[in-house]
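Q: Quick one, what's the 3D model for this:
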Amino acid sequence: MKLILNIRLLMVAFCWLVLSTTSLAQEKKIIPLNEHFFPLETEGENQQYSKIVSISPEGELVEKIYSLEYSLVSITKSIYEEGQPREPLWEEKQQFLPDGELEFTQLKYRKANSRHTKVVAGEELILDLECKGSSKCDGIFVSTSGYQEDVDRDILKPSFPTIEVWQKFLTKNLTYPPAARNANEEAEVWVGMKISEFGEILERAVVNGSISHPSLIKEVERILELYKGDVVPARDIEGDYITAWMYFPVRFILN
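A: Below you'll find the model as predicted:
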């Protein structure tokens, strides 16, 4: 416990050192994150990462995530449309390997009625995807070894076969717990599923449970165990199937 506390104190000191060496005058925040990169209310045993949030001179939201060993995990820059906090107009994310080398850069943006995702590894465009509406996507994936194929999703992340598969399952099985309804509790409960390279669900978890009503968490945990449908595993930039976590929200909204 003493060792864990000392590591966290060093991490806080490191983050403040990073902040103090910049000339930007904008307010910055340090947010503790759990193993799934979701915010914690306070620092504690569940903290695995720290996120530094700031605003650039150009008005971009800048989020830098560090491990407790001070390794840079990712840098995300984004611009949000006023009144639309869920999805940015534009986002650039740099993902780093444990040794500090840049693994890939992902660019997402909205244009007219479509959403675009582009992923660059080195100087090569490996994923170029356009999605129209809520689910119809078309694109191309070119692995770092040169293998090429047409794709209908971001294959670098696990997913359901289609978004309709999960939505139909929720419609049939999800209920609004009376205790939460009577207390006028609404929530966006984020779920994690660890998907093996063979498409098996290895683990299930509610990743932001501390901010939601207990009855909502219990209901989400119930339907997670109930789901036996298909999932699609993620692939790496070389095109090989890998084990990875898939994250998605379950929303409880009162009419």
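Q: Residue 210 in helix, strand or coil?
A: Using DSSP: H, G, I helix; E, B strand; the rest coil, the structure places residue 210 in helix.
Q: for the one 5 residues further on, same thing?
A: Local secondary structure at residue 215 is given as helix here, using three-state DSSP.
Q: got it, and residue 224?
A: Per three-state DSSP, residue 224 ends up helix.
Q: okay, now it: neighbour count?
A: Neighbour count of residue 224, defined by other Cβ atoms under 10 Å: 17. To be clear about C-beta, it is placed using only N, CA and C from the backbone, and glycine gets the same treatment.
Q: you'd agree it is up against residue 203?
A: No. With contact defined as Cβ atoms under 8 Å, residue 224 does not count as touching residue 203 (10.0 Å).
Q: shared neighbours of these two, anything?
A: Shared contacts of residue 224 and residue 203 (Cβ atoms under 8 Å, 6 or more residues apart in numbering): residue 193.
Q: Might you report the residue contacts of the nearest residue in space to residue 176 that is not next to it in sequence?
A: Excluding its sequence neighbours, the residue lying closest to residue 176 (Cβ to Cβ, 6 or more residues apart in numbering) is residue 252, at 6.1 Å. Each residue near residue 252 by Cβ under 8 Å, 6+ apart is listed here: 176, 180, 185, 186, 187, 188, 189, 216.
Q: Identify the farthest-apart pair in these.
A: Farthest pair in the contacts of residue 252 (Cβ to Cβ) is 176 and 188. Separation: 13.9 Å.
Q: what kind of secondary structure is residue 254 in?
A: Counting by three-state DSSP, the backbone at residue 254 sits in coil.
Q: Let's see the pLDDT reported for it.
A: As predicted, residue 254 sits at a pLDDT of 90.
Q: mind listing what the residue nearest to it when sequence neighbours are not counted touches?
A: Nearest in space to residue 254, with sequence neighbours left out and distances taken as Cβ to Cβ, 6+ apart, is residue 186 at 5.7 Å. Listed by Cβ under 8 Å, 6+ apart, the contact set of residue 186 reads 252, 253, 254.
Q: ok, now with 10 Å
A: 176, 180, 212, 213, 216, 251, 252, 253, 254 (Cβ atoms under 10 Å, 6 or more residues apart in numbering).
Q: Can you point out the buried residues in the host helix or strand of the second one?
A: Assigning secondary structure by DSSP states H and E places residue 180 in helix 178-182. Of all the residues in helix 178-182, those buried under the rule 16 or more other Cβ atoms under 10 Å are 180, 181.
Q: Now do the buried residues in the following helix or strand past it.
A: With elements assigned by DSSP H and E, the helix or strand that comes after helix 178-182 is strand 187-195. Applying a neighbour-count criterion of 16+ other Cβ under 10 Å, the buried positions in strand 187-195 are 187, 189, 190, 191, 192, 193, 195.
Q: cool, and stretch 211-229?
A: Within stretch 211-229, the residues that count as buried by 16+ other Cβ under 10 Å are 212, 213, 215, 216, 217, 219, 220, 221, 223, 224, 227.
Q: Isn't residue 137 up against residue 151?
A: Yes. With contact defined as Cβ atoms under 10 Å, residue 137 reaches residue 151; the gap is 7.8 Å.
Q: follow-up on the earlier one: can you tell me the average pLDDT over the helix holding residue 180?
A: Helix 178-182 comes out at a mean pLDDT of 94.
Q: from the middle of its chain, how far away would it be?
A: 29 Å (Cα atoms, centre = their mean, to the nearest Å).
Q: residues making contact with it?
A: Contacts of helix 178-182 (Cβ under 10 Å, 6+ apart): 175, 185-187, 212-219, 252, 254.
Q: separation between residue 52 and residue 220?
A: According to Cβ to Cβ, to the nearest Å, residue 52 stands 30 Å off from residue 220.
Q: Measure how buried the closest residue to residue 241 other than its chain neighbours is and give me the count.
A: Setting aside the residues directly before and after it, residue 241 is nearest to residue 197 in space (Cβ to Cβ, 6+ apart), at 4.1 Å. Around residue 197 there are 15 other residues, counting by other Cβ under 10 Å.
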